[in-house]
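Participant: for reference, the sequence and a predicted model appear below.
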Amino acid sequence: MSLFLLLLMLATCDSQYNLLTVPFKGAVMTYYPKNTTTTDFMVNVRYTVYYELCTNLGWQCLSGDCGGENTVVYTVKSSDIEGWCQTEGVSTRQIPSNAPFQLWFNGSDWTSNANGIVRSKAVTLVELRTRSDTGKANTSPQTTILADLRVPSNCERVYSLLAFDPDGDDVKCRPGNASLSECDTCTLPLGLVLDNCTFSLMNSSVLEGSLKYVIQLVMEDFPRQTITLTQSDGSRATLTTSDAISKIPVQFLLQLDPPAPSCTEGLYIPQFLPPTPTHGALFITRYLQIDITVQANLSTISDLVVSGPHNVIVTLSGPGQFTLSWSPIQDEDGESHSICFVAEATLNSVVYQSVLRCVIAIVDLTPAAPSIPVSPLYVVNNTEPATTLPDTVNTSNITDSPSPLVVGTTPSPNPASASTPAPMNIVGLSVKVSSLTPLSDADIFLQVKNILVSFGLPQDVVVRIVNAVQL
């Protein structure tokens, strides 16, 4: 063996070793079927991975025929100060059939943590067989998460993971299972209470402050009725409401910080204010722009940390005021994308983090209609993944807690035509708005207006509540 070849082999081994020793901080993966015909099967797998340093360790095939892949990896954001790097990978897989397969991540060790988790593992079950209820391939639940969620050790906090399913399935969360390779060691921290896709830290006294704890969850979608899955070879499988269709990993770190002088939001801990969208808000849009306002009277707002598509842009528009914008590409038309964010404030080098807030953006790149469209209009503010978006909607069928709205456009002031009133269109809508927290009229106006504007209506569209029923 030549000296050159020996040195090359040593360099390759050393490079792989360095990749495997970069501390891991969390991951989430989702998928969307593309071109699933009888002869052509394609799926876009999207993953976000967090490390302490910027690197990329790909996902491998665990079971089934995973086909060939073409992966593009983006470095979304990194922080040398806090020691993390977020990368997004978009893997387009061409597969010979629509049979289910599993991808897994068996990468580097977790960053130092208090619950003794060492090796990182994660599994995604991709199900592309044709569903009897939709006539299409299944789409995974859509969610995302930040690598580091932080809370003062003396404060109780409830986190609701974003759990949106484009097929309208029932989404549930559970701890990972080591026997299924979903994690190597799956121990959850003491004091953490998991209730479906909501987890709370109600007894942080059993946890040691100023340490990080690993959370390894699995998100699954369940049909709301018995369905049949048909494979390209003609074989069929029946799933009941107790059978998961697909599964994705949701893994991250929860950091307990030193006690805060007060747990009241808006003092040291940042508090979101209107016009910030409520948690779980849904936008149907061709271009997303969200205004976010944050308040912390006794600390200084320092950052808005975002997890979402790689080309999300955050700009600071004033003290405690941010604008989040995103321009989807043509290949994302019809897809649902998750965006989550937290605000951070500092005081004497101590970091205070807000609650987690997430939204869903459904991409609609079709040309805007000249009048109000009859496409689905939903304002979703709950954490239950019960939202189904049909091809068309009859608003008369929406009867639960209806809030009739009058939507119109204000006439443009034009002195030259002052004697002739400008045309005004008035449309009545029945909209169901649900939330785990009370909503003001301003919150409801904002949600409905954002959706109408996303369809091409002018920014000055007027929205008024004619009647509202609160259950």
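Facilitator: Thanks, I have it. Note that the structure is a prediction, hence the values are computed from the model and not measured.

Participant: pLDDT weak spots in the stretch 251-400 of the chain?
Facilitator: Where the stretch 251-400 of the chain drops to pLDDT under 70, the residues are 368-400.

Participant: mind redoing it with 90?
Facilitator: Scanning the stretch 251-400 of the chain for pLDDT under 90 picks out the ranges 285, 317, 366-400.

Participant: which stretches in the stretch 51-200 of the chain count as helices?
Facilitator: For the stretch 51-200 of the chain, no helices are identified by DSSP state H, counting those that start in this stretch.

Participant: measure the nearest residue to residue 174 once chain neighbours are set aside to residue 242 for me?
Facilitator: Closest residue in space to residue 174, ignoring its immediate chain neighbours: residue 218 at 5.6 Å, by Cβ to Cβ, 6 or more residues apart in numbering. C-betas here are computed from N, CA, C, even on glycine. As for residue 218, its distance to residue 242 is 16 Å (criterion: Cβ to Cβ, to the nearest Å).

Participant: between these two, which has more neighbouring residues?
Facilitator: Shown here are residue 218 and residue 242; by other Cβ atoms under 10 Å, residue 218 has more neighbours (24 against 8).

Participant: can you confirm that one is in a strand?
Facilitator: Yes. Judged by DSSP: H, G, I helix; E, B strand; the rest coil, residue 218 forms part of a strand.

Participant: just list the residues touching it, thanks.
Facilitator: 123, 173, 174, 175, 176, 177, 182, 247, 248, 249, 250 (Cβ atoms under 8 Å, 6 or more residues apart in numbering).

Participant: now restrict the residues you listed to buried residues only.
Facilitator: Among those, those buried by neighbour count (16 or more other Cβ atoms under 10 Å) are 123, 173, 175, 176, 182, 247, 248, 249, 250.

Participant: residues contacting residue 119?
Facilitator: Residue 119 is in contact with 106, 109, 110, 184, 185, counting by Cβ under 8 Å, 6+ apart.

Participant: now, which of the contacts of residue 218 lie within strands?
Facilitator: Using DSSP state E, 123, 173, 174, 175, 247, 248, 249, 250 are the members of these that sit in strands.

Participant: hang on, isn't the third one packed against residue 222?
Facilitator: So that's residue 174. No. Using Cβ atoms under 8 Å as the test, residue 174 is too far from residue 222 to be in contact (11.4 Å).

Participant: the strands in the stretch 51-200 of the chain, which residues?
Facilitator: In the stretch 51-200 of the chain, the segments counted as strands under DSSP state E, counting those that start in this stretch are 60-63, 68-79, 84-95, 101-105, 122-126, 130-131, 148-152, 157-160, 170-175, 192-195, 198-201.

Participant: can you list the ones you listed in JSON lines and add distance to residue 320 and mean pLDDT?
Facilitator: Shown next, in JSON lines, are these (distance: least, Cβ to Cβ, whole Å; pLDDT from 0 to 100):
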{"stretch": "strand 60-63", "distance to residue 320": "44", "mean pLDDT": "95"}
{"stretch": "strand 68-79", "distance to residue 320": "20", "mean pLDDT": "81"}
{"stretch": "strand 84-95", "distance to residue 320": "23", "mean pLDDT": "90"}
{"stretch": "strand 101-105", "distance to residue 320": "37", "mean pLDDT": "95"}
{"stretch": "strand 122-126", "distance to residue 320": "36", "mean pLDDT": "97"}
{"stretch": "strand 130-131", "distance to residue 320": "45", "mean pLDDT": "96"}
{"stretch": "strand 148-152", "distance to residue 320": "18", "mean pLDDT": "93"}
{"stretch": "strand 157-160", "distance to residue 320": "21", "mean pLDDT": "94"}
{"stretch": "strand 170-175", "distance to residue 320": "32", "mean pLDDT": "98"}
{"stretch": "strand 192-195", "distance to residue 320": "31", "mean pLDDT": "91"}
{"stretch": "strand 198-201", "distance to residue 320": "26", "mean pLDDT": "88"}
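
Participant: nearest to residue 226, out of these?
Facilitator: Closest approach to residue 226 among the strands of the stretch 51-200 of the chain (Cβ to Cβ): strand 130-131, 11.4 Å.

Participant: residues near residue 165, how many?
Facilitator: Neighbour count for residue 165, taken as other Cβ under 10 Å: 25.

Participant: meant to ask about residue 265, not that
Facilitator: Residue 265, neighbours per other Cβ under 10 Å, totals 16.
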